[in-house]
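Asks: Show me how the following folds:
(chains A, B, C and D)
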There are 4 protein chains.
Amino acid sequence: MPTHSFERPTGSLVEIAIESRALAGNLLGDPTTRSVAVYLPAGYDGGAEDYPLFVDVVGFTGSGLAHVGWRAYGESVPQRLDRLVAEGRMGPVIAAFPDCFTSLGGNQYVNSAAMGNWEDFLIHEMLPRLEAEFRLRPGRDHRAIFGKSSGGYGAMVHGMRRADAWGAVACHSGDMAFELCYRVDFPKTVRVVAEKGGIQGYLDWFSAQPKTDNDMLSTIMILAMAASYDPDPGAPKGIRLPVDMETCALDEARWARWLAQDPVVMIELPECQENLRSLRGLYIECGTKDQYHLVFGARALVKRLETLGIPHRFEEFDDDHTNVDYRLDVSLPFLFEAVG
Amino acid sequence: MPTHSFERPTGSLVEIAIESRALAGNLLGDPTTRSVAVYLPAGYDGGAEDYPLFVDVVGFTGSGLAHVGWRAYGESVPQRLDRLVAEGRMGPVIAAFPDCFTSLGGNQYVNSAAMGNWEDFLIHEMLPRLEAEFRLRPGRDHRAIFGKSSGGYGAMVHGMRRADAWGAVACHSGDMAFELCYRVDFPKTVRVVAEKGGIQGYLDWFSAQPKTDNDMLSTIMILAMAASYDPDPGAPKGIRLPVDMETCALDEARWARWLAQDPVVMIELPECQENLRSLRGLYIECGTKDQYHLVFGARALVKRLETLGIPHRFEEFDDDHTNVDYRLDVSLPFLFEAVG
Amino acid sequence: MPTHSFERPTGSLVEIAIESRALAGNLLGDPTTRSVAVYLPAGYDGGAEDYPLFVDVVGFTGSGLAHVGWRAYGESVPQRLDRLVAEGRMGPVIAAFPDCFTSLGGNQYVNSAAMGNWEDFLIHEMLPRLEAEFRLRPGRDHRAIFGKSSGGYGAMVHGMRRADAWGAVACHSGDMAFELCYRVDFPKTVRVVAEKGGIQGYLDWFSAQPKTDNDMLSTIMILAMAASYDPDPGAPKGIRLPVDMETCALDEARWARWLAQDPVVMIELPECQENLRSLRGLYIECGTKDQYHLVFGARALVKRLETLGIPHRFEEFDDDHTNVDYRLDVSLPFLFEAVG
Amino acid sequence: MPTHSFERPTGSLVEIAIESRALAGNLLGDPTTRSVAVYLPAGYDGGAEDYPLFVDVVGFTGSGLAHVGWRAYGESVPQRLDRLVAEGRMGPVIAAFPDCFTSLGGNQYVNSAAMGNWEDFLIHEMLPRLEAEFRLRPGRDHRAIFGKSSGGYGAMVHGMRRADAWGAVACHSGDMAFELCYRVDFPKTVRVVAEKGGIQGYLDWFSAQPKTDNDMLSTIMILAMAASYDPDPGAPKGIRLPVDMETCALDEARWARWLAQDPVVMIELPECQENLRSLRGLYIECGTKDQYHLVFGARALVKRLETLGIPHRFEEFDDDHTNVDYRLDVSLPFLFEAVG
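Replies: Now for the predicted structure:
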């Protein structure tokens, strides 16, 4: 069967709660006390050694808390770390799994008036708290951030903007080339939202459903992107689409605010180039059959990295966007080599 | 049950063959002798009356020859015409159903080095032939062109460019606002075509399949659009996508050639405005749930028509793009009032 | 591309109307005047030769009238016959395409109080009419019946019961092993019908829809089977499912009436065996990936034919149930060899 | 939004490992050391009170370990229990979540040479271990077993056979009326398995895939049913389908072994009737749109319970089989009333 690990994790899992000020006032009205699951490797208790830190920022509809949970025909991230260590492919690390789920279904890990200041939460609240409570090797040189999908995006932009906080980045199927991965969904989103009378009407309808389905998650995801990249404090929950709601014509000024946060655009900024250049490890990958077309953005970004002489490792693989956790067997050892 | 008409058509159906010079040299290598089915109403034989002409330009994967054929739980266009006449909602017409199917699966009814000069075929070869063989009231004032989807596009651009040939236009769910109805499909098309080694590879693979499926038809449709709007004589069958095949980045210059044939762009040209203004009837409609997002382009176009004071009738209806032939019950009487 | 034939048929197509007594009183209330399209080969007019007769009984949602119509990336049956003759793989025939569509979406070509006596219509009304109007070689030895899906079923049971009327049979993906192809759909059908308040409620709802979709066609098809195999004059349009409408428990007595018309059951009757044995040609095929699981019934039937020493030709092919008309290239020459 | 609980569980979660002898020798070769997650309510630590026991047996592709994990737009079972207690709808309980996942993707919670003796594991190994380690009110009168889908089946048959071990049962959308929920899938399963060369070939192919998809899970589920209900020690992993692999004809003798474990058949046994009658609470429900048709079996079973005068509570609700955890808000308080 596809790898189902019956092996229970050998380390221990703890959960800390952080009362965040960075998230205060978020227009979604989401709670500001957030959990972070932390996996301590076997041997941590009673030992004195300190460890590198790996932070997992997850994709849409996920949470760090889900990544430590049981998975059919698969492994949780703790189980995977145990196995990779047992196989000698990396050494032990402390892994943090922040719960960044929001009422809009996910997170892009950036500062946003609507979603909350998640970049600040992660770097200025979570990292100090982890360093205080656990035996972490201090400093960015011993920290890696990794994720897939929205998490891949988060890892990449954190590498582009906050290389003071992170020593290595792994970006799996990360959102980039927004023209191809978000814009193509605007017409459908506008139609669906219009059917419910607009954004407030859609949010009300969404809340009233007994359960979610894929169409609902696709729609709420685009709204979460709007809230992340271009919040409008005058709009319901700060959410406003960068298009005319009747004709779907693009509002170039608003769209420009999205694009300013697109990795394939950000790469042109000297500070982003310097930040990536300073990383001890930069890993990027995408499936060639990615149904969100993310492989195109990955290729475009990597072309620039090559021209700019920014060290990186790039891989395409023959699969799509879904259930590709097995690719962590490539990136986690890479990150350990960089910051371990 | 949904309306299945067991009534056989009361008129007579003939088929003429036109040896076309307009289509000679088309890069697809498609035949230049084309058929046109013509439905003559009951009473035509043995009568002396002349009739208005309705020309049906059909949507993708279709042919005029299919529109005179049997339809489960529905009506062929001849059956529909008979019924509308019997119900007193319009008078009898002669209806022409040209077969414009191509090896790329459809037609946009414009002149193209790759597809063939279909505008010229319809206006300079088919119309004179019909006027010579059948008792048609002469001149544009007694001719209507109608269609859905690609046919809606064809009817619209013929109204915008060739109001010398057509007196009335009905555009059902016509392609417009290419940013929303074509561009959103470029990433998927590039991926699929790249998997087969490029456009020639894709065409070879397509030909080798025993049958088509929806994914194949979606892909070949985008290739047909490229061949129609922006043929490249140096490319396989003249087909070239307006994007980088590795990153899917848009080639703005090539894309501009597509946009120049987008009704929502063409409406800004004074000659197009004058042509539409001169029509005796202009009908536009789209389903609000159109899965190709065509309702947005329709709204954008109609806003301009309103601002420009160009007479028209616009309707949105609560359905999608598929199997909406019943809407002809609205447009055919409208066209008869205009040119009958 | 998959074979699109731009070649127009070389023969001529005529349509006859038959006022049927066999269909009088059908509980569906469908018309009793039915059309039959007849394709006369090139050379028929002005010639004196007589021809074998091929009768095409079509699958669900179809009509003989559709089989003479235009087909994208394909051929109508007349086009296919022309090509097979031109390729020297068979000689010319007269082909008849009866319109057996009903308000329940299709036909099983058997006698039924609800659907009408279609076996009698085809054999006692259509065949004599065709022999009277066209130069057909007289007698069963020069007649073949072929079809796919419900048409494959019809061809098979006509061969099993009425070998006095037919000389050869080709059964493509024909309904058989009802336990596997119909019974598996009863739970879903019951649920859908129950949601609409029962069969009459479902029929009313169906009629009120502007168009059909696949789910509607799947449901109406099971109702058509009930009407064909086990009509109940006391039920709405004679339609009654052989299950308890609350628990879906099978009514064994009613189900037995269906099974009595299942080819894998009928093959045990001596008269059916003798009829098949007497045919000049018996062709059976099914795709291994048939999504209605018809390959299992085909295999079961063929095992019996082998044990009983009944001559036949059986082929499985690597495809499913959909768009497999290209397989007629195998059966039509086979039938010509048998009766031509 | 649909209820996403940001509230972290207030109790504590522990995990115990049980070295099972009941599972030794299972033909699947699955591990015999199994985990059970146990949720202890707030106030457990440092208290002296004892608690009723609720055991969650989960549906296919699940594990008890998953039911204590994070859920997007939802609640884990511990979160739900906390909330129901806070709302005053029930009192605190100890909840056990055994991991019964197998390499065939799930469990029916019965004794099987192929799957392992899961009934014995749960009752003779897990229950004593829980009673030894946690402050449980002793005896069946204070134990409830609940589950959905395969878990609903498990809860029901445990109630029918082992009312000595369980005081109350909640069966959500449980497998029953096997003719309708399993048999309808045999043709498709046979086809898929045959394409891979048989059961061993299918298992080998399955293991070699990088990930699972819905079709793979549907197929492996039927194989798991075969392994659960009718293991054949001579077959690969004890798996053998009750049909001819060429014609899909039913092997009535083998099928009878399945049916003997179908609740709608078992209800006819006096001992099963007595067991159910003796329960302190019996709750059954199913969605009317259940896509596995389980509502029919539920209705059939409930009809018998009514006729037999066996107390129960039965509810149908307007939803399907998927993501219906919110229904636990009905059954958990019901169970508490029965055994709390």
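Asks: Could you pull out the strands in chain A for me?
Replies: A:12-19, A:33-40, A:53-57, A:94-98, A:111-112, A:116-117, A:143-148, A:168-172, A:281-287, A:313-317 (DSSP state E).
Asks: Next, format those as a markdown table and append distance to chain B.
Replies: In short, each C-beta sits where N, CA and C put it, glycine included. Putting these into a markdown table (distance: least, CB to the nearest CB, whole Å) gives the following:
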| stretch | distance to chain B |
| --- | --- |
| strand A:12-19 | 39 |
| strand A:33-40 | 35 |
| strand A:53-57 | 25 |
| strand A:94-98 | 31 |
| strand A:111-112 | 26 |
| strand A:116-117 | 31 |
| strand A:143-148 | 19 |
| strand A:168-172 | 17 |
| strand A:281-287 | 11 |
| strand A:313-317 | 11 |
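Asks: want to throw those strands into JSON lines with mean pLDDT and mean neighbour count?
Replies: JSON lines is the format used below for the strands of chain A (pLDDT from 0 to 100; neighbours: other CB atoms under 10 Å in any protein chain shown):
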{"stretch": "strand A:12-19", "mean pLDDT": "98", "mean neighbour count": "15"}
{"stretch": "strand A:33-40", "mean pLDDT": "98", "mean neighbour count": "22"}
{"stretch": "strand A:53-57", "mean pLDDT": "98", "mean neighbour count": "26"}
{"stretch": "strand A:94-98", "mean pLDDT": "98", "mean neighbour count": "26"}
{"stretch": "strand A:111-112", "mean pLDDT": "98", "mean neighbour count": "20"}
{"stretch": "strand A:116-117", "mean pLDDT": "98", "mean neighbour count": "24"}
{"stretch": "strand A:143-148", "mean pLDDT": "98", "mean neighbour count": "28"}
{"stretch": "strand A:168-172", "mean pLDDT": "98", "mean neighbour count": "30"}
{"stretch": "strand A:281-287", "mean pLDDT": "98", "mean neighbour count": "25"}
{"stretch": "strand A:313-317", "mean pLDDT": "98", "mean neighbour count": "16"}
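Asks: Quick check: which of those strands is nearest to residue B:287?
Replies: Smallest distance to residue B:287 across the strands of chain A (CB to CB): 34.5 Å, for strand A:281-287.
Asks: Now do the contacts for the nearest residue to residue A:24 once chain neighbours are set aside.
Replies: Leaving out its chain neighbours, the residue that sits closest to residue A:24 by CB to CB, 6 or more residues apart in numbering or on different chains is residue A:32, at 5.3 Å. Residues counted as contacts of residue A:32 (CB atoms under 8 Å, 6 or more residues apart in numbering or on different chains) are A:19-21, A:23-24, A:26, A:116.
Asks: Drop anything exposed from the residues you listed.
Replies: A:20, A:23, A:26, A:116 (16 or more other CB atoms under 10 Å in any protein chain shown).
Asks: picking up where we left off before, got the strands of chain A as a markdown table, with distance to residue C:151 columns?
Replies: What follows is the strands of chain A, written out as a markdown table (distance: least, CB to CB, whole Å):
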| stretch | distance to residue C:151 |
| --- | --- |
| strand A:12-19 | 63 |
| strand A:33-40 | 61 |
| strand A:53-57 | 58 |
| strand A:94-98 | 59 |
| strand A:111-112 | 61 |
| strand A:116-117 | 63 |
| strand A:143-148 | 50 |
| strand A:168-172 | 51 |
| strand A:281-287 | 43 |
| strand A:313-317 | 46 |
